[in-house]
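Pasted the sequence and its predicted model underneath.
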Amino acid sequence: MKYVLCLALVAALCVVSGCSMTSSARDYSGLMIPEGSPKAHVSTTNVAIHVLFSKPVVGNATLPEVVKDCTAAAKREGATKIRLVQSSVTTYWWILPPFTFVIHPVVANAAGDAY
């Protein structure tokens, strides 16, 4: 059963690999944060397939790429500044060894407040 779930996860990541998903939230319920009132909270996630832990093959889920996509999304929201509050890159090398030691899905995320 675990093997089937791993295969399903790998298949799902292959289907959505190479894509960038962005979401934003604009409703702060009238509250302000110490830096002022942001236009939106923007979160961007990139999904990709990499080889040997460094080379993007399908898509690009490196930290510089996801930060670039997140700041571009903030500009689309009308922001001139952004404060990144969270970022992560997760490499799923452990899903289907030894195959995923060479070719592995990678998910990167960056989120921030757009001003």
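Yep, it's here.

All the strands of the chain, residue numbers only.
With strands called from DSSP state E, the chain shows them at 19-25, 40-51, 55-58, 82-91, 103-114.

Turn those strands into JSON lines, columns for mean neighbour count.
(Each C-beta comes from the backbone N, C-alpha and C, glycine too.) Below are the strands of the chain laid out as JSON lines (neighbours: other C-beta atoms under 10 Å):
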{"stretch": "strand 19-25", "mean neighbour count": "14"}
{"stretch": "strand 40-51", "mean neighbour count": "22"}
{"stretch": "strand 55-58", "mean neighbour count": "14"}
{"stretch": "strand 82-91", "mean neighbour count": "14"}
{"stretch": "strand 103-114", "mean neighbour count": "22"}
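
and the ones you listed as JSON lines, adding mean pLDDT?
Formatted as JSON lines, these follow (pLDDT from 0 to 100):
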{"stretch": "strand 19-25", "mean pLDDT": "87"}
{"stretch": "strand 40-51", "mean pLDDT": "93"}
{"stretch": "strand 55-58", "mean pLDDT": "88"}
{"stretch": "strand 82-91", "mean pLDDT": "94"}
{"stretch": "strand 103-114", "mean pLDDT": "93"}
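
between these, which one is nearest to Pro97?
strand 103-114 (9.8 Å; C-beta to C-beta).

That closest one: partners in the sheet, and parallel or antiparallel?
If you go by DSSP bridges, strand 103-114 pairs up with strand 40-51 (antiparallel), strand 82-91 (antiparallel).

for the nearest residue to Glu65 once chain neighbours are set aside, what are its contacts?
Nearest non-adjacent residue to Glu65, counting by C-beta to C-beta, 6 or more residues apart in numbering: Asn46, 6.2 Å away. Contact analysis of Asn46 by C-beta atoms under 8 Å, 6 or more residues apart in numbering lists Cys19, Ser20, Met21, Gly59, Asn60, Ala61, Glu65, Val66, Asp69, Val107, Ala108, Asn109.

Quick check: bridge partners of the nearest residue to the fifth one once chain neighbours are set aside?
Going back to what we said before, that points to Asn60. Distances taken as C-beta to C-beta, 6+ apart place Ala48 nearest to Asn60, at 5.5 Å, with adjacent residues excluded. For Ala48, the beta-bridge partners are Val106 (DSSP bridges).
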